[in-house]
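Trainee: have a look at this fold, sequence not included:
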């Protein structure tokens, strides 16, 4: 697929890239103090009962491929956890080169959310003992989708059971067959692919989230409700935390920033799959996905175009033993989708507000806020109220918002 034109690129990044970079930075002098401070910011770990789950499983033995901007394995939380990987990007060092460079730290932050160790008071991932396979695919607007197709095949050929793609955009009819072939290849190798829904708060179908069998992930806020910026549609499969997510700042990797976006939500969903799979290594990807869908938290119709089958709740599987793995050879998402083909029509255009760096007050699609403003999980192993309130208070007390203009193609807001 040839690179997109500048106009098409603007439309693509406006559709699924982050809206405005609304971030909060913090720097703590002493590592011990930073450790306490960081955990208070990772509100979702308490909400998901992470400490209890880690007594059962930690993601050990599961490789998660991060198809993104690269992964910096030198940050403290990722040391010894990142495989060499491969660079399929046409930019920078050139295709095939293996390196630790990640200029905008998007891929690094996805890896942290999935498998960060928490070392030196840093970010701890939902599956802290999982292994990261970095696959550098670059910006599709410049490189086309080719690097991503190659990256998917490379990932599964090199042991990845879970593939995280926290980005997306427009794909034309010519690329549909390539998408189907790449996803089918991963499924036949037993892998699961998770992809970000997008951050314009509109109903849209972007790639690869719209490809049948790909687990499209929406974002939840700190109250366990659908985030106003999270894109939605009938293809949505699951939802996960995507607000006030800590990571390394884009402009200074030695500082931490708060991010929001379906990028981080996708990483949490990928990490959840790794966590469950490490507890049940004999399960197939189909069985892991089935229990994730069966135990997802929801209030209302299932599936919902806002949260799919609901919010990821690994505690239901690991602590309560819930979820029937079922047939190892049947993909539950494809079965639910009727084995249909992806639409080749272009996603809905982003709103004018999303293209002009909106403030936190005017993000999302106001016409659907009333419907979207619903709890995505119950208080049974989902997002307990006490954890949400305590964490939200801690976050509000320490975070100052800084609005930075600019739109990126990544499905999270960056510093």
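Mentor: Nice, I can see it. Bear in mind that the values here come from a model prediction, so they are computed numbers and not experimental data.

Trainee: helices or strands next to the longest helix that the chain contains in the packing?
Mentor: For the chain, the longest helix by residue count, based on DSSP state H, is helix 262-279. Under the contact criterion of 3 or more Cβ pairs under 8 Å, 6 or more residues apart in numbering; DSSP states H and E, helix 262-279 touches strand 63-68, helix 106-115, strand 162-165, strand 192-196, strand 215-220, strand 236-241, helix 285-295, helix 314-318. Quick note: C-beta positions are derived from backbone N, CA and C, even for glycine.

Trainee: and of those, who's closest to residue 251?
Mentor: Smallest distance to residue 251 across the helices and strands packed on helix 262-279 (Cβ to Cβ): 12.9 Å, for helix 106-115.

Trainee: circling back: got the helices and strands packed on helix 262-279 as CSV, with distance to residue 76 columns?
Mentor: Putting the helices and strands packed on helix 262-279 into CSV (distance: least, Cβ to Cβ, whole Å) gives the following:
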stretch, distance to residue 76
strand 63-68, 18
helix 106-115, 10
strand 162-165, 21
strand 192-196, 26
strand 215-220, 27
strand 236-241, 23
helix 285-295, 30
helix 314-318, 25
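
Trainee: would you mind giving the ones you listed as CSV with distance to residue 37, mean neighbour count and mean pLDDT added?
Mentor: Formatted as CSV, the helices and strands packed on helix 262-279 follow (distance: least, Cβ to Cβ, whole Å; neighbours: other Cβ atoms under 10 Å; pLDDT from 0 to 100):
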stretch, distance to residue 37, mean neighbour count, mean pLDDT
strand 63-68, 26, 28, 98
helix 106-115, 16, 32, 98
strand 162-165, 27, 31, 98
strand 192-196, 28, 29, 98
strand 215-220, 23, 31, 98
strand 236-241, 19, 30, 98
helix 285-295, 31, 23, 98
helix 314-318, 25, 25, 98
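
Trainee: residue 84: which of the ones you listed is closest?
Mentor: The nearest among those, by Cβ to Cβ, is strand 63-68 at 12.2 Å.

Trainee: quick one: that closest one to helix 262-279, angle?
Mentor: In terms of direction (axes from the mean of the first three to the mean of the last three Cα atoms, to 10 degrees), strand 63-68 departs from helix 262-279 by 170 degrees.

Trainee: quick one: mean pLDDT for the next helix-or-strand element following strand 63-68?
Mentor: For strand 63-68, the following helix or strand on the C-terminal side (DSSP states H and E) is strand 86-87. Strand 86-87 carries an average pLDDT of 92.
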